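Asks: Got a sequence here, can you build the structure:
(2 chains)
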Number of protein chains: 2
Amino acid sequence: MRRAIALAATPGVPLHPNPRVGCVLLAPDGTVVGEGYHHGAGTPHAEVEALAVAGEAARGATAIVTLEPCNHTGRTGPCAQALIAAGVRRVVVAQRDPNPLASGGAETLRAAGLEVETGLLAEESEAVNPAWTFAHRHGRPFVTWKFAATLDGRSAAADGTSRWVSSLPARRDTHRLRALSDTMLVGTNTVDVDDPQLTVRDDDDRPVAAQPLRVVMGERDLPADRRIFDDAAPSLHLRTRDPEQALRTLYTEHDRHHVFLEGGPTLAASFLGAGLVDEVVTYVAPMLLGAGRSAVGDLGIPTIADAFRLELLDTTVVGSGPEANVRLTLRPTLRGTH
Amino acid sequence: MRRAIALAATPGVPLHPNPRVGCVLLAPDGTVVGEGYHHGAGTPHAEVEALAVAGEAARGATAIVTLEPCNHTGRTGPCAQALIAAGVRRVVVAQRDPNPLASGGAETLRAAGLEVETGLLAEESEAVNPAWTFAHRHGRPFVTWKFAATLDGRSAAADGTSRWVSSLPARRDTHRLRALSDTMLVGTNTVDVDDPQLTVRDDDDRPVAAQPLRVVMGERDLPADRRIFDDAAPSLHLRTRDPEQALRTLYTEHDRHHVFLEGGPTLAASFLGAGLVDEVVTYVAPMLLGAGRSAVGDLGIPTIADAFRLELLDTTVVGSGPEANVRLTLRPTLRGTH
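Replies: Just a heads-up that it's a prediction; the model follows:
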């Protein structure tokens, strides 16, 4: 299974909306007769690739798979049927499929007389697809809220200027994190005022090949010439101010699993208030403004005991000298525990 | 000289208001005939201690001293005269004395026919007494501004509550830093509203032996029952709102070399605005408030290009788990460089 997980985690093209999966086929004597991993939407699944390698040797073999073989026909046929047809005798699965549309593979295999075992290194296997797993389990994308602020918590000066609070190395680091998501989300106000393009660029400032979906949410009409609507990447205007509805739509209608929220203080407060922020990434810039826009809007918190508390997961200095910013990665904890 | 610096840096009682000094006496053949270091105000200076050890062997010896021998009679006689009287032939000095009241030792020694050399490892020697050196050079104490704030830069919630923004390990760390200063400074408003005792306590919450002077500045009258005026440590009410005047008084009338500023946003803004903050220590607490008191008041900064910029010197996570706070140590850089 460790080999299957390593195969699943092979660096390569982003798989969105599919999970990374690895598969190893073992002959009854323990010899590896086939290996495979999923290369991206529309290409053969890991099991099918491994079966193709094994050919006749798949008969009577044991399939070691990081994820429960799918049971539905998407752009490719169901893997459960492929394993049955190839004469595989036993299937060892790490993670059960959390996707309601694709699950049921284990039952299909058992009904066909195959031996099925699940749960081996399940956590390690989930860690290969954390946002994908989260999204299918919760019926909404995982949300990372990113903001940059001064030491006194300002994300813009009194006159609204905010270029730049964070340093160039911090902004490059943000692009790296954006690329790990499949959706960038801001509010209509940010598009109106800051007009960001919201593309992902590499260290040489060139757009990367796989761009996340650019989403602006809010009821307000927006001019068509805003940069978010240019042809550099797909974009979408969600006509709602409700975070829950926006996330549900992104999951159910657009197969989105990981939202990178870069909105202003009002949008951030609305997601935080709804309990819909799963991770916070903040770049602390070594400057003071003394006035200007706060990083987050009113959260309705009257007293210190009710503070919105987070757990610090990581502290990293990004950049050096006058360009040093401190990146903090945090996860919200339960409210009211003090 | 390295040995003399090591002697000067001997851990022990705080020397305030005196500098740490080390002295080594070498016979003409290079043999060490005496060593000494200053143990604190009112006790013999390093040179005098070394001379006492050497006795007659001081005649014709070379004195290696981290600081220019003093030329004035304070609570002890001038060291320059002691060296001359003992028959020392040559004096090697690291740091020239920046204290206008005590300087001139080198000239006195030369006038008496001794060979004097200065500047050897001067920087290393200054580093033994950074605040003392700064204070005498600038005619005012070195100022460390410390504040604790949430990720969104709040130092108190909407209802004014602020206990606690920083975690217990962070507050203990603050006491450790307080003990490195000789003066704690707050404004009348902090004394009125928060009524802090401003003593330094050890990790078992017991007051340490050497307490910094507790100073409150501002024109307002204060009730005598405020905790800052209790008998746990000396305290002082400076009737001024002007940072420059307060620092000048603390230096000239109270021999203060290192102020630990823990005031509220208005006092902080007034020191920052006057360019009288030399170091910033901030504890970033992993929480959000969305409203409440900002860590720093209005600095009159209209736009991002005019931000008050600092250089990040150190990033340390203090405490762990839910008690993890991030301590940033910074130094202001020149304004308007962007």
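Asks: What is the neighbour count of the residue in the stretch 101-250 of chain A that chain B sits nearest to?
Replies: When scored by CB to the nearest CB, the stretch 101-250 of chain A has residue A:153 as its residue closest to chain B, at 2.0 Å. (Each C-beta comes from the backbone N, C-alpha and C, glycine too.) Neighbour count for residue A:153, taken as other CB atoms under 10 Å in any protein chain shown: 28.
Asks: looking at it, it is touching residue A:292, isn't it?
Replies: No: between residue A:153 and residue A:292 there is no contact, the gap being 9.6 Å when judged by CB atoms under 8 Å.
Asks: what's the closest non-adjacent residue to the residue of the stretch 101-250 of chain A closest to chain B?
Replies: Of all residues not flanking residue A:153 in the chain, residue B:153 sits nearest, at 2.0 Å (CB to CB, 6 or more residues apart in numbering or on different chains).
Asks: Distance-wise, check the one you found relative to residue A:43.
Replies: Using CB to CB, to the nearest Å, we find residue B:153 at a distance of 48 Å from residue A:43.
Asks: can you check residue A:166 too?
Replies: Taken as CB to CB, the span from residue A:166 to residue A:43 is 37 Å.
Asks: Would you mark the buried spots in the helix ranked longest in chain A?
Replies: Secondary structure assigned by DSSP state H gives helix A:168-179 as the longest helix of chain A. Neighbour-count burial for helix A:168-179, counted by 16 or more other CB atoms under 10 Å in any protein chain shown, picks out A:169-175, A:178-179.
Asks: ditto for stretch A:86-103
Replies: Buried residues in stretch A:86-103, counted by 16+ other CB under 10 Å: A:86, A:88, A:90-99, A:102-103.
Asks: biggest separation within those, which pair?
Replies: A:86 and A:98 (25.5 Å; CB to CB).
Asks: which residue sits closest to the most centrally placed residue in chain A in space, ignoring its chain neighbours?
Replies: The C-alpha lying nearest the average C-alpha coordinate of chain A belongs to residue A:258 (CA atoms, centre = their mean; 3.1 Å). Nearest residue to residue A:258 in three dimensions, chain neighbours excluded: residue A:131, at 3.6 Å (CB to CB, 6+ apart).
Asks: just checking, that neighbour touches residue A:142?
Replies: Yes: the criterion here is CB under 8 Å, and residue A:131 meets it with residue A:142 at 4.3 Å.
Asks: tell me, what's touching the two both at once?
Replies: A:257-258 (CB atoms under 8 Å, 6 or more residues apart in numbering or on different chains).
Asks: still on that earlier bit, dump the buried residues of helix A:168-179 into a markdown table; add distance to residue B:218 as well.
Replies: What follows is the buried residues of helix A:168-179, written out as a markdown table (distance: CB to CB, whole Å):
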| residue | distance to residue B:218 |
| --- | --- |
| A:169 | 42 |
| A:170 | 39 |
| A:171 | 42 |
| A:172 | 46 |
| A:173 | 43 |
| A:174 | 43 |
| A:175 | 48 |
| A:178 | 48 |
| A:179 | 52 |
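Asks: For chain B, tell me which of those residues show up nearby.
Replies: The overlap between the buried residues of helix A:168-179 and the neighbours of chain B (CB under 8 Å from any CB of the partner chain) is empty.
Asks: residues in the stretch 1-150 of chain A within reach of chain B, list them.
Replies: Residues of the stretch 1-150 of chain A found near chain B (CB under 8 Å from any CB) are A:149-150.
Asks: Might you list the low-confidence residue ranges for the stretch 1-150 of chain A?
Replies: In the predicted model of the stretch 1-150 of chain A, residues A:13-14, A:74-77 satisfy pLDDT under 70.
Asks: I'd assumed the residue nearest to residue A:258 was in a helix, is it?
Replies: Yes: per DSSP: H, G, I helix; E, B strand; the rest coil, residue A:131 lies within a helix segment.
Asks: Tell me, how many residues neighbour it?
Replies: Applying other CB under 10 Å, I find that residue A:131 has 23 neighbouring residues.
Asks: residue contacts, it?
Replies: Going by CB under 8 Å, 6+ apart, residue A:131 touches A:141-142, A:181-182, A:257-258.
Asks: Pairing partners for the closest residue to residue A:229 other than its chain neighbours in the sheet, please.
Replies: Once flanking residues are discounted, residue A:229 sits nearest to residue A:235: 5.5 Å by CB to CB, 6+ apart. Beta-bridge partners of residue A:235, counted by DSSP bridges, are residue A:214.
Asks: Distance check, residue A:235 against residue A:226.
Replies: On the measure of CB to CB, residue A:235 and residue A:226 end up 9 Å apart.
Asks: With residue A:317 instead?
Replies: Distance, residue A:317 to residue A:226, using CB to CB: 34 Å.
Asks: in the stretch 151-300 of chain A, which spans are strands?
Replies: In the stretch 151-300 of chain A, the strands defined using DSSP state E, counting those that start in this stretch lie at A:154-156, A:183-187, A:213-217, A:235-238, A:258-261, A:279-285, A:287-288, A:293-294.
Asks: Generate JSON lines for these, with mean pLDDT and distance to residue A:273 as supplementary columns.
Replies: Compiled in JSON lines, the strands of the stretch 151-300 of chain A are given as follows (pLDDT from 0 to 100; distance: least, CB to CB, whole Å):
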{"stretch": "strand A:154-156", "mean pLDDT": "96", "distance to residue A:273": "18"}
{"stretch": "strand A:183-187", "mean pLDDT": "97", "distance to residue A:273": "14"}
{"stretch": "strand A:213-217", "mean pLDDT": "98", "distance to residue A:273": "15"}
{"stretch": "strand A:235-238", "mean pLDDT": "98", "distance to residue A:273": "18"}
{"stretch": "strand A:258-261", "mean pLDDT": "98", "distance to residue A:273": "13"}
{"stretch": "strand A:279-285", "mean pLDDT": "98", "distance to residue A:273": "14"}
{"stretch": "strand A:287-288", "mean pLDDT": "98", "distance to residue A:273": "27"}
{"stretch": "strand A:293-294", "mean pLDDT": "95", "distance to residue A:273": "15"}
